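Colleague: please work out how this folds:
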Amino acid sequence: MNRSHRPKDSSTQSSSASSQQTSSPSSSSDNSLMITLLETAVIETGESDSLLALGPSEDDGRYDWAEDDDRKQQSIALPGVREKHSDKEYADYDTGKAFIKGEGDASSVHENDVAQGSLGDCYLIAGMVAVARANPALVEDLINDHGDGTFTVTLYIRENRYSKPKAVKTVIDARLPEKHAGTPLYAKLGDKSDGAVEMWPALIEKAVAQQKGSYDLISGGNIGKGGFTFKGASELLTGNAEGYMRTSGLDEDDALLHIALALDDKMPVTCDSKNMADDEAMSKEAVKYNVYGNHAYAPKSVDLDGRTISLTNPWGSSHVTDLPVADFLKYYRAIRINEGP
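Modeller: So this is what the prediction gives:
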């Protein structure tokens with residue numbers, strides 16, 4: 001992985017390889033054999049401009065090979081990091097791919113690809129989990145991997161609160177703010193395969209930060225300040241409106257059925273926990289279930305008979321398992337369901 005702002009230079013490696021080849025004891029006999037084979041090829045094929053006819057500095061364009069400096073970078077400035085991370089640098093994840101199908105995954109997009117980093121954008125990360133769970137193909141449609149270190153990411157953004165979301169494409173590269181070598185500071189990497197790493201959650205997060213101007217501007221409540229009009233993470237990722245229901249207006253059966261039906265119908269659904277900063281007793285009770293205050297979760301399953309709800313924590317750990325619906329209504333303030341067009 002290249003941790004500089006520029007793609008790594010392979011000239012040193014090429015020079016070294018050339019030097020080793022020149023000093024090889026068998027190079028003379030190998031060259032003679034190569035010349036004989038190429039002369040034969042010229043006679044048999046009638047090619048007069050074979051590789052033999054090209055000098056060491058000549059090239060007709062038919063023998064181009066991909067080099068490290070073929071990697072491209074985005075033309076727009078990189079989004080700023082949070083002020084407290086001002087000492088962190090961007091690194092080029094040069095083995096990064098948009099999607100990798102992990103072992104045991106049904107598709108290249110899976111909810112287990114997603115994990116929140118050192119940024120308060122749980123609403124966005126939980127939204128990614130919810131959309132990946134409901135319709136992985138929608139996520140795949142959001143990112144075009146150009147194979148040269150750049151990606152086109154599509155987000156659905158409103159010009160104002162009264163307009164409909166429109167597809168907005170942003171070209172970004174594989175450079176991410178880095179916590180330490182090989183580990184992004186913000187959204188984490190997904191699956192790994194043959195030395196490659198999966199980047200789609202980090203790329204979506206970067207594209208949102210790019211649209212707002214910085215990562216700090218998508219942290220917590222900042223997403224709704226200035227810039228584009230924000231109406232929910234699932235709308236941003238699907239283009240479809242996100243419904244919002246306060247739990248204060250629901251009874252236990254309503255809560256269970258709304259979430260169960262949304263999951264059955266493959267609708268992205270997330271839930272917001274209450275702000276418990278001023279209620280220490282409730283906070284201590286909730287943490288026993290891995291419910292943390294002022295945090296977003298993505299419901300995973302509903303047990304109608306047991307009357308419990310299990311939810312995915314966007315941290316990628318500390319998930320909520322079999323939470324009694326009475327406690328769900330106690331600890332959560334809202335349910336968000338993306339019902340489609």
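Colleague: now residue 176: closest residue in space that isn't a chain neighbour?
Modeller: Spatially, and ignoring its direct neighbours in sequence, residue 176 is nearest to residue 184 (4.5 Å; CB to CB, 6 or more residues apart in numbering). From N, CA and C alone the C-beta is placed, and that goes for glycine too.
Colleague: wait, doesn't that neighbour sit right on residue 178?
Modeller: Yes: with the criterion set as CB atoms under 8 Å, residue 184 and residue 178 qualify as a contacting pair; they are 6.1 Å apart.
Colleague: and these two? Which one has more around it.
Modeller: residue 184 (25 against 19; other CB atoms under 10 Å).
Colleague: what's that one in contact with, if anything?
Modeller: Remark: with contacts taken as CB atoms under 8 Å, 6 or more residues apart in numbering, residue 184 is in contact with 93, 117, 176, 177, 178, 202.
Colleague: widest-spaced pair of the residues you listed?
Modeller: Checking the contacts of residue 184 against each other with CB to CB, the farthest-apart pair comes out as 93 and 117, at 13.6 Å.
Colleague: where does the stretch 1-150 of the chain have low pLDDT?
Modeller: Across the stretch 1-150 of the chain, residues meeting the criterion (pLDDT under 70) sit at 1-69.
Colleague: all helices of the stretch 51-200 of the chain, in order?
Modeller: For the stretch 51-200 of the chain, helices defined by DSSP state H, counting those that start in this stretch occupy the ranges 122-134, 136-142, 200-212.
Colleague: enumerate the positions of the shortest one that are buried.
Modeller: What it means is helix 136-142. The neighbour-count check on helix 136-142 (16 or more other CB atoms under 10 Å) flags 136, 138, 139, 140, 142 as buried.
Colleague: for the residue nearest to residue 235 when sequence neighbours are not counted, give the beta-bridge partners.
Modeller: In space, residue 235 comes closest to residue 242 once its chain neighbours are excluded; the distance is 4.7 Å by CB to CB, 6+ apart. Assessed by DSSP bridges, residue 242 has beta-bridge partners residue 338.
Colleague: ok, residue 242 - contacts?
Modeller: Listed by CB under 8 Å, 6+ apart, the contact set of residue 242 reads 231, 232, 233, 234, 235, 336, 337, 338.
Colleague: hmm, who's touching the host helix or strand of the fourth one?
Modeller: Put plainly, it is residue 234. In the assignment (DSSP states H and E), residue 234 maps to helix 233-238. Residues external to helix 233-238 that are found in contact with it (CB under 8 Å, 6+ apart): 123-124, 126-128, 130-131, 135, 138-139, 142, 155-157, 165, 204, 208, 230, 240-242, 268, 270, 336, 338.
Colleague: nearest residue to residue 225 in space, please, no chain neighbours.
Modeller: Spatially, and ignoring its direct neighbours in sequence, residue 225 is nearest to residue 217 (7.3 Å; CB to CB, 6+ apart).
Colleague: tell me, how many residues neighbour residue 209?
Modeller: Close neighbours of residue 209, defined as other CB under 10 Å, add up to 26.
Colleague: and the residue lying closest to it once chain neighbours are set aside, how far is that from residue 151?
Modeller: Residue nearest to residue 209 in three dimensions, not counting chain neighbours: residue 79, with 4.0 Å by CB to CB, 6+ apart. Note on residue 79: its distance to residue 151, by CB to CB, to the nearest Å, is 14 Å.
Colleague: what of residue 118?
Modeller: 22 Å.
Colleague: repeat that for residue 125.
Modeller: Plainly put, residue 125 is 18 Å away from residue 151 if you go by CB to CB.
Colleague: compare the two (neighbour count), which wins?
Modeller: Neighbour comparison, residue 125 and residue 151: the larger count goes to residue 125, with 29 against 26 (by other CB under 10 Å).
Colleague: for the more buried one, give me its contacts.
Modeller: 114, 115, 116, 187, 201, 205, 296, 314.
Colleague: can you redo those residues as TSV with neighbour count?
Modeller: Below are those laid out as TSV (neighbours: other CB atoms under 10 Å):
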residue	neighbour count
114	31
115	20
116	25
187	29
201	27
205	28
296	24
314	28
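Colleague: quick one: which of these is nearest to residue 302?
Modeller: For those, the residue nearest residue 302 by CB to CB is residue 296; the value is 17.8 Å.
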